[in-house]
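*Asks:* build me a model:
(chains A and B)
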Amino acid sequence: GAVVSQHPSWVICKSGTSVKIECRSLDFQATTMFWYRQFPKQSLMLMATSNEGSKATYEQGVEKDKFLINHASLTLSTLTVTSAHPEDSSFYICSARRAQGGMNTEAFFGQGTRLTVV
Amino acid sequence: GQNIDQPTEMTATEGAIVQINCTYQTSGFNGLFWYQQHAGEAPTFLSYNVLDGLEEKGRFSSFLSRSKGYSYLLLKELQMKDSASYLCALNDYKLSFGAGTTVTVRA
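*Replies:* Below is the predicted model:
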């Protein structure tokens, strides 16, 4: 099956610093990637939809200036958590669909990034 | 909202069958996914229903009834490795997930 690689798998940063998370589709092109956040024992909450070559679409309540998304190519999207605070500590997961896929194609997920802000 | 509901936890014995229900309230969607997620890992695809009815894939089967706003995932011949969280998700190109059902398989 298709592979989505997310890096880093885990990161610890100091409060006030920024952290960048990368999401790559390794063997397919993805015009759209999705970024989720998951708190312990809770569901995946969609944060934003990342569109190649255009601005990301953020879900209600997600601060676009805090969670910067860049989708510079058909295989790479990045999420930067700016001025991180302890409440931003969470599991961040990206997913991607094939560029040629239709509405009913499977979404492939990255391995996730465990962010801990101290 | 879509109000996707799943039971929080289920426990079953190795070799048994477990049915995980998922109910939702939404005006329209393309299909319903089921994913498996082990703790600290990304979700992995299990099944997808577009039409009403049963989709069977080995030990896992999934059922959808759009008129009843209901789906279930059936896990047969449970194995210890099936202990995980199971997530249903409505597909409107964006995926909306339920909170997940944690299944614990006991020997």
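
*Asks:* around chain B, pick out the residues from chain A.
*Replies:* Residues of chain A lying close to chain B by C-beta under 8 Å from any C-beta of the partner chain are A:1, A:6, A:32, A:34, A:41-46, A:49, A:91, A:93, A:95, A:103-104, A:106-112, A:114. Yep, even glycine has a C-beta here, placed from its N, CA and C like the rest.

*Asks:* in strands, which of the residues you listed appear?
*Replies:* Judged by DSSP state E, these include A:6, A:32, A:34, A:44-46, A:49, A:91, A:93, A:95, A:108-109, A:114 as members of strands.

*Asks:* ChimeraX command for the buried members of those?
*Replies:* Selection of the buried residues among these in ChimeraX, burial being defined by 16 or more other C-beta atoms under 10 Å in any protein chain shown:
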select /A:6,32,34,44,45,46,49,91,93,95,108,109,114
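
*Asks:* how about the residues of chain B near chain A?
*Replies:* Taking C-beta under 8 Å from any C-beta, the part of chain B that reaches chain A is made up of B:30-31, B:33, B:35, B:40-45, B:48, B:50, B:87, B:91, B:93-100, B:102.

*Asks:* out of the residues you listed, which sit inside helices?
*Replies:* In helices, defined here by DSSP state H, there are no members of those.

*Asks:* what's the pLDDT at residue A:43?
*Replies:* Turning to residue A:43, the model gives it a pLDDT of 86.

*Asks:* just checking, it touches residue B:102?
*Replies:* No - counting by C-beta atoms under 8 Å, residue A:43 sits too far from residue B:102 to count as a contact (11.8 Å).

*Asks:* any idea what the most centrally placed residue in chain A is bridged to?
*Replies:* Using C-alpha atoms, centre = their mean, the residue of chain A that lies closest to the mean C-alpha position is residue A:35, 3.4 Å off. Per DSSP bridges, the residues bridged to residue A:35 are residue A:48, residue A:94.

*Asks:* which residues does it contact?
*Replies:* For residue A:35, the contact set (C-beta atoms under 8 Å, 6 or more residues apart in numbering or on different chains) comprises A:23, A:46-50, A:67, A:69, A:77, A:79, A:92-94.

*Asks:* now the longest strand along chain B - C-alpha only, CSV.
*Replies:* In chain B, taking DSSP E as the definition, the longest strand is strand B:84-92. Coordinates of each C-alpha in strand B:84-92 appear next as CSV, following Å, rounded to 0.1, in the frame of the first residue of the first chain:
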residue,chain,number,x,y,z
ALA,B,84,-6.6,-1.8,19.8
SER,B,85,-8.8,1.2,19.2
TYR,B,86,-11.3,1.0,16.3
LEU,B,87,-12.4,4.2,14.7
CYS,B,88,-15.3,4.8,12.4
ALA,B,89,-15.0,7.8,10.1
LEU,B,90,-17.5,9.5,7.8
ASN,B,91,-16.0,10.4,4.4
ASP,B,92,-16.9,13.7,3.0
